[in-house]
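**Q** I would like to see how this sequence folds:
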Amino acid sequence: MKRITVVLMLLVSITAFSQVKPQKVYSIIKEVREKSWYEEQAKLWKAEIDKNDQYADAWYNYYMATRSLKNLSELNSKERLAYTENCQTIADNAYKSIPNTFEGNHLVWYQSDHDAKYLKYILKAYEINPYDSRSYVSLLTHYYLTFNTVKYNEFCDRFYKVNEIAAPVYNWAYNMLVGLEKNAIIFTAGDNDTYSPWMLQVVKSIRPDVTVINTSLLNLDDFRVELLKKLEIEPFKFRIDEAKTEEEAIQLQNNLFQHIFSNKKGYPVYVSGTAIFQFQNQFSDKLYLTGLSYKYSETSINSISVIRRNYEKRYLLDYLDQTFSFNIANNRGDQMNSVYLPAFVKLYKHYKETEEVEKMSIIKKYIISISKKSGQETEISELLGTDNSVPNSFNTMLMNTKNLERDFVKLYGDFYVNRFEVSNAQYSKFLNGIKGTELYSKCLYDSTKWVSVYEGYMDDPMIKMYHNHPAYDNYPIINISHFSAVKYCEWLTEQYNSQRKRRYTQVKFRLPTEKEWEYAARGGDNSNRTPFENDIVLNKDCEDCSYFNLKYNRENLINDGGFFSVAVESYNPNFIGAYNMIGNVSEMISVDNISKGGSWYRELEESFIDLRGMYSEPSPEIGFRVFMEVIQE
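**A** This is a model prediction of the structure:
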């Protein structure tokens, strides 16, 4: 009887431990995660609401997860429209359920996009809890739009003191402001590039003479009329809601921008590098790069002299070397720092031409560091070329051989297969080990290859985050060439064989032949079409996706739990212990252009062990797994 009781208690304990708990959902202004994470959080928080509709935090996080999904969806897509409707429904239902809470009132205001008709809701939220900082940014924005300077300054001060904006974002904003002429106007396009300079102007009195204008706020009639009057610019009739198509809306905005450019009354006008995408098609011939911004000018200006002045005399750049503070939004600072790159690359080439070697070396370090953190290493390496490269060689580095050896399982004789696909973290060690060599630029991943499955959507967070954010360290390396995978194996071989503490005297790591890969996937010499004994998964309902990351229905890309690739130890291993032998990423073999096992973007029928995949370039579907030959025990 005691034994049964203990077993039951253990089962209850295991069940409780295995339950997935919902996590706090931050705005994508602070933190960006993969869409599948937001979808999971939306489900988990909705389940909490179903259990208790008075749970205010559940309503708020459910809304934030859904709003993030909307913002990560393609503009004007059916998916985005559906999420937009869901956001409205959630906000309405939250207020009905919890009308006397901060969250219920704040969500109504948040969903209104600062419509003055809903002001009473944000004021009520602040009245309920004046210490909840989520109302501060809403109120300071309202008072900015209504030109209530006293209240605007009060809430800027409150918002600054709660440390909502990451220090690197403030550093970036400082440099943007100090690089401008006196009494300048500068256009911005987002939250981070707008609120951070506002805070510095009010709280730190840094460049209060500059007028920072968020382009989206110009769509608000009352604000625009008053702002243009303040800037002594003639009124401009403008109704963005009258545009019938996206092209018409863009043209209306361009007309407004041109009106401001043409009637600026002596004010120098700039466009922040974060907003340049809104201006470059129409005004590229009159915008001159000056650093973190572009100056509008009817006549040509010597931009390199301005860039040099800003870089050498005005910018404070220590934070690019090291940040001594933590904020959930620090990674957003890394993304904003990518705005330095166009000017820094231009200045690097200038230093090269003027033979200022020391300055060229310093700015090159900044360029490489920024490009790595912002996911643009491949493009920057091509721009910099192979200056100062050294002959190809592998420097010896310390390696945990026990962990490496533990990841391999025996196939037959002295031949072993790694249980996992090579991860981003593992490949990053390889890249760090070959920095400064000609090989480095050849083996860099190409993040832009995500467009091959995302149909040209260049602003997807996966392009910026997958190879750089620690959340993806244990995801499989992708978007690399067959050549890169071969060189990784050669590097790993040399590293292992040079370690003092190792189990084997000499090994060789390599990509497998097709037959070797199939043997490992089947777990032996049999005719299975899947990695599982007796092809058990072929007898299961396709909705049971606990065995592999494949797509059964591309109308619902996450019914297997992964929107794209997932961590390398995910799902059930085959019966020899190897994970994801089909699904997750299709794996390279010794022959270039042939892959095996299908990927997260393929269906089961395309992924059987005996089938081949074909590829011609790096892809978000293609990764690799290392096999090991023991040459000498």
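**Q** Now stretch 616-629: buried residues?
**A** For stretch 616-629, burial by neighbour count (16 or more other Cβ atoms under 10 Å) applies to 618, 619, 620, 621, 622, 623, 624, 625, 626, 627, 628. Bear in mind the C-beta positions are built from the backbone N, C-alpha and C, glycine included.
**Q** Show me where the protein has its strands.
**A** 185-188, 211-214, 269-272, 287-289, 293-296, 408-412, 415-418, 506-510, 586-588, 594-596, 613-614, 622-623, 627-632 (DSSP state E).
**Q** any chance of these in a markdown table, with distance to residue 96 too?
**A** Formatted as a markdown table, these follow (distance: least, Cβ to Cβ, whole Å):
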| stretch | distance to residue 96 |
| --- | --- |
| strand 185-188 | 36 |
| strand 211-214 | 32 |
| strand 269-272 | 40 |
| strand 287-289 | 49 |
| strand 293-296 | 46 |
| strand 408-412 | 56 |
| strand 415-418 | 54 |
| strand 506-510 | 61 |
| strand 586-588 | 48 |
| strand 594-596 | 52 |
| strand 613-614 | 51 |
| strand 622-623 | 48 |
| strand 627-632 | 59 |
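**Q** could you list every residue that touches residue 612?
**A** 514, 594, 595, 596 (Cβ atoms under 8 Å, 6 or more residues apart in numbering).
**Q** Sort out which of those residues are buried, if you could.
**A** 594, 595, 596.
**Q** closest to residue 98 among those residues?
**A** Of all these, residue 595 has the smallest distance to residue 98: 51.5 Å, by Cβ to Cβ.
**Q** which residues does that closest one form a beta bridge with?
**A** residue 588, residue 613 (DSSP bridges).
**Q** related to what we said a few turns ago, for the contacts of residue 612, give me JSON lines that also has distance to residue 305 and pLDDT.
**A** What follows is the contacts of residue 612, written out as JSON lines (distance: Cβ to Cβ, whole Å; pLDDT from 0 to 100):
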{"residue": "514", "distance to residue 305": "59", "pLDDT": "91"}
{"residue": "594", "distance to residue 305": "54", "pLDDT": "91"}
{"residue": "595", "distance to residue 305": "51", "pLDDT": "93"}
{"residue": "596", "distance to residue 305": "56", "pLDDT": "93"}
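**Q** okay if I get those residues as JSON lines plus distance to residue 191?
**A** Listed next are the contacts of residue 612 as JSON lines, based on distance: Cβ to Cβ, whole Å:
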{"residue": "514", "distance to residue 191": "51"}
{"residue": "594", "distance to residue 191": "46"}
{"residue": "595", "distance to residue 191": "41"}
{"residue": "596", "distance to residue 191": "45"}
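**Q** hmm, which two among these are most spread apart?
**A** Pairwise distances across those peak at 10.1 Å for 514 and 595 (criterion: Cβ to Cβ).
**Q** shared neighbours of these two, anything?
**A** The contact lists of residue 514 and residue 595 share 589, 612, where a contact means Cβ under 8 Å, 6+ apart.
**Q** Now residue 223. Nearest residue, chain neighbours left out?
**A** Once flanking residues are discounted, residue 223 sits nearest to residue 145: 4.7 Å by Cβ to Cβ, 6 or more residues apart in numbering.
**Q** Count the neighbours of the one you found for me.
**A** 18 (other Cβ atoms under 10 Å).
**Q** residues contacting it?
**A** Residue 145 makes contacts with 114, 217, 220, 222, 223, as judged by Cβ under 8 Å, 6+ apart.
**Q** which residues touch the fourth one?
**A** Taking Cβ under 8 Å, 6+ apart as the contact definition, residue 222 lies against residue 145.
**Q** what's the spacing between it and residue 267?
**A** Using Cβ to Cβ, to the nearest Å, we find residue 222 at a distance of 22 Å from residue 267.
**Q** Just send the contacts of residue 145 back as CSV, with pLDDT too.
**A** Formatted as CSV, the contacts of residue 145 follow (pLDDT from 0 to 100):
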residue, pLDDT
114, 74
217, 92
220, 88
222, 89
223, 92
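**Q** would you turn the residues you listed into CSV with distance to residue 164?
**A** Shown next, in CSV, are those (distance: Cβ to Cβ, whole Å):
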residue, distance to residue 164
114, 17
217, 19
220, 23
222, 27
223, 23
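**Q** Return the closest of these with respect to residue 271.
**A** Using Cβ to Cβ, residue 217 is the member of the contacts of residue 145 that lies nearest residue 271, at 15.1 Å.
**Q** was I right about residue 259 contacting residue 233?
**A** Yes. Counting by Cβ atoms under 8 Å, residue 259 touches residue 233, with 7.5 Å between them.
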